[in-house]
Structure formats: C-alpha cells, structure tokens
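Undergrad: sharing a sequence plus its predicted fold:
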Amino acid sequence: MIEGKGAIALTGGRFSIDPISVHPPQANEVLVQIRASGVCHTDWDVNRNAKTNWILGHEGAGTVLETGPGVDHVKPGDRDLLNWAIPCGQCFQCVRGNTNICESKPTVPPERTLWDGRPIGRAFGIGTMSTHSVVPKQAVIPIHVDIPFASACIIGCGVMTGVGSALNAARVEPGSSVAVLGTGGVGLNCIQGARIAGAAKIIAIDINADRLEMALEFGATHTVRASPEDAGLLKAAGEVKKLTDGRGADYAFESTAVPALGAAPLAMIRNGGTAVQASGIEEPINFDMELFEWDKTYINPLYGQCNPAIDFPRLLDFYADGSLKLDEMVTRTYKLEELATAFDDMLTGRNAKGVLLID
C-alpha cells in the first residue's frame, strides 16, 4: 500500500486535496507515480457537475512503479503517458480501428484506491491529479523521447484532440486553407495540426487579441478578431471568405465549446468543404440548414480519433523533431495544492495551458 494524496471532487462544485491510499496493481494493471497533470476545462466541468466523489484529472505523465501479471510493454522505471480513452482492443469498434470509441473500455476497480478508508473512483479511469494511480495496461504508453513531464502530460487531451482533429479526422491536405474558431488549448493544437499537415493558409479567429498573438506563434498565418456581438460569427465568416478568394476555407474547426457557435464553422467553409466540431459541445444546437449548402460536411470526432498506440508515439516524434510545440504551450506550472489558482487562471484565459507538477 502506498500513501499519497489526490484532488477529490466533492459535490456542489467543490474539491479538496486529501490523503489517499493506493493498492498494488493486479493482473493487466500498472501502478504509476504521476509527475505532471494538465489542467483542462473538462476537469473543471467534471468537478462542477460531480454527483459523487472521485479523483480528478485526465491528462497525466509519470513513471511506472510496478506492473501486474500480463503487462509486458512497460516495466518499473519507464517514463509514460496516460491515455483516458482506454481501448480494449477486441470490441466492434476497436477491431475496426476506432479505438477512441471503444465499447468495452477496461477499468480498474475503485477498491484499488482508498479515500478516508473508502474506495474511490477516478475521473476517466485514470484520475491524474494525484500522486499515484493504478490504471489498465492499455492506458499506459511509454515515452521514448527526451521531454519534460509537464510538456508530455498535455498530449493526453487538448494536444491530441486538436492535432488529431486536423490530421486524423479532417485529414487536412497540403496547400489547403484552414479556419480555427477559438485559440485556447484545443484551437492552438488544431492550428499546429494544420501546420504539420502543410496547410498554406491558417486563419485564427478569437475575441482575445492576446490569444491571437499566441496563435501566430503556433502556426497561424492570419488572424481575425471577432466581436462578442457578432451572432454566429457571420461577420468573421465574411473576413474568412475575403482571405480565401471569396469561397471560404477548405476546413474550419470549432474549438470554443460555446453552443451558440456550434454552427459557425459551416459559415466559414467553401462549398464541398469540411467543418469539424473539435471542442466537445454536448447539448442541443439549432442549425440553419442553409449553412450546409452545398455538399458541405460537418464531423464530430472524439479525441481527434486517437489510437494511442499509434498517435502518442507520433506526437512525441513531432515534438522531438521540432514540429510540435509543447514546451511553449505550458504557460505556468502549479503544485497540486494550487489547483484552485490553476482553475482560475484557466477560466480567465491567462494560460495557454496550466500544468500541476506533483511531488
């Protein structure tokens, strides 16, 4: 049994940093010492909507401490990334290569971790805002390049979602034009993915001038400063069309998570273009079907259609050769006990990405 600590979601949108006890891994499980955990809007939403207690966090990197029987791809001492969309490898979707939407996601029983003497579950099956976590072996991807834990951990959600939306889902073509709505963590990585794919024109749209400056650093070629009064970003769409020979962009990525902007990327693409819902809006949206004219496609991929065994090593290689900026994305690091400050900095837009460094 290992004694550690974790960020515990409480009801009513509260959380606390409390002691936890973590049991050794059993068959097909891995015990990881978490060294860094990203701070994401999803973590905030999970905490705000908590109806029960669990350990927060879903972006993690650390070191393997112990493995159970049946684990042969990592060993104690290995540096690793954690993946929350854990594939079983055998279900209908996994067999077809759609591991991000696995139908039989492997899990670890809550009894592996105790909080106040009681079993407690982990957000997304990994609960990375803690000193230690026991996870299914499929959640663990070895790190094979030289990279700080703080830069590595953010691959596990926003980076994968953004870059994967461009490369895997939209399949952005070299020489194409791309519009990205919202330049937070996901949007900046949509921009990076488009740049890596070889897009010739990458247009960043945001209401925040500082964010637009940041977008230029990550690969945007043009920026459009939107107005909060621009309903559906139709005026911004007009600016995008001016920058794309009057037709509209070949691809547009919605990465604001604002329901009122859910249809906005359709207004920014040309006939036959592709719009991508990358931010994970999960509520009803009213669409003007005229926006779909003509032959436009709107897709809603999960997690950039991530196949962790393939995509995580590829993203690490992009980092190693300088194509993927991760160090530059980590604006500030925090101790686990400073989670409240990290959430506040995220919600006020001070960070491209905040990361908890965990002792």
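TA: Nice, thanks for sending it over.
Undergrad: rank the helices and strands of the chain by mean pLDDT and give me the bottom one.
TA: Scoring the helices and strands of the chain by mean pLDDT, DSSP states H and E places helix 41-48 at the bottom, with a mean of 90.
Undergrad: buried residues in that helix?
TA: With burial defined by 16 or more other CB atoms under 10 Å, the residues of helix 41-48 counted as buried are 41-44, 46-47. Glycine gets a C-beta too; all of them are placed from N, C-alpha and C.
Undergrad: okay but Phe92 is in contact with Glu103, surely?
TA: Yes: Phe92 sits in contact with Glu103 when judged by CB atoms under 8 Å, with a separation of 5.9 Å.
Undergrad: can you check my assumption that Cys190 lies in a strand?
TA: No: using DSSP: H, G, I helix; E, B strand; the rest coil, the secondary structure at Cys190 is helix, not a strand.
Undergrad: ok, it - how many residues close by?
TA: Residues contacting Cys190 under the criterion other CB atoms under 10 Å number 39.
Undergrad: give me the pLDDT for it.
TA: Per-residue confidence (pLDDT) for Cys190: 98.
Undergrad: related to what we said a few turns ago, in a markdown table: the buried residues of helix 41-48, plus distance to Asn271.
TA: Putting these into a markdown table (distance: CB to CB, whole Å) gives the following:
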| residue | distance to Asn271 |
| --- | --- |
| His41 | 33 |
| Thr42 | 34 |
| Asp43 | 39 |
| Trp44 | 38 |
| Val46 | 39 |
| Asn47 | 43 |
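Undergrad: Asp288: which of the residues you listed is nearest?
TA: Nearest to Asp288 among the buried residues of helix 41-48: His41, at 27.1 Å, using CB to CB.
Undergrad: measure the closest one to Ala166 for me?
TA: Plainly put, His41 is 20 Å away from Ala166 if you go by CB to CB, to the nearest Å.
Undergrad: which parts of the stretch 51-200 of the chain are strands?
TA: With DSSP state E, counting those that start in this stretch as the criterion, the stretch 51-200 of the chain has strands at 54-55, 60-67, 79-82, 113-115, 118-119, 121-122, 132-136, 140-142, 177-181.
Undergrad: now do the same contact list for Asn98.
TA: By CB atoms under 8 Å, 6 or more residues apart in numbering, Asn98 lies in contact with Gln305.
Undergrad: any weak-confidence spans in the protein?
TA: Scanning the chain for pLDDT under 70 picks out nothing.
Undergrad: quick one, domains of it?
TA: Domain segmentation of the chain under automatic domain parsing yields 2-147+326-357, 162-302.
Undergrad: would you put the C-alpha positions of stretch 20-29 in CSV?
TA: Coordinates of the C-alpha atoms in stretch 20-29 are reproduced here as CSV (Å, rounded to 0.1, in the frame of the first residue of the first chain):
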residue,chain,number,x,y,z
ILE,A,20,-5.2,8.6,-0.4
SER,A,21,-4.0,5.0,-0.1
VAL,A,22,-3.2,3.1,-3.3
HIS,A,23,-3.0,-0.7,-3.5
PRO,A,24,-0.6,-2.6,-5.7
PRO,A,25,-1.6,-3.4,-9.3
GLN,A,26,-3.3,-6.7,-10.1
ALA,A,27,-3.3,-8.6,-13.5
ASN,A,28,-3.2,-6.3,-16.5
GLU,A,29,-2.8,-3.2,-14.3
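Undergrad: the stretch 51-200 of the chain: helices as residue ranges?
TA: 92-95, 149-153, 158-164, 185-197 (DSSP state H, counting those that start in this stretch).
Undergrad: the stretch 201-350 of the chain too?
TA: 209-218, 234-243, 264-268, 308-320, 339-347.
Undergrad: between the longest one and helix 185-197, how big is the angle?
TA: This means helix 308-320. Helix 308-320 and helix 185-197 meet at an angle of 80 degrees, taking axes from the mean of the first three to the mean of the last three CA atoms, to 10 degrees as the criterion.
Undergrad: cool, the last one as well?
TA: Interaxial angle of helix 339-347 relative to helix 185-197 (the same axes, to 10 degrees): 60 degrees.
Undergrad: just checking, what packs against helix 339-347?
TA: The helices and strands touching helix 339-347, judged by 3 or more CB pairs under 8 Å, 6 or more residues apart in numbering; DSSP states H and E, are strand 29-39, helix 41-48, strand 332-335, strand 354-357.
Undergrad: kindly recompute the last result at 10 Å.
TA: For helix 339-347, the contact count by 3 or more CB pairs under 10 Å, 6 or more residues apart in numbering; DSSP states H and E identifies strand 15-22, strand 29-39, helix 41-48, strand 332-335, strand 354-357 as packing neighbours.
Undergrad: list the buried ones in that helix?
TA: 339, 342-343, 345-346.
Undergrad: show me what that helix is in contact with.
TA: By CB atoms under 10 Å, 6 or more residues apart in numbering, the residues outside helix 339-347 that reach it are 7, 15-17, 37-41, 43-44, 47-48, 56-57, 129, 184-185, 331-336, 338, 350-356.
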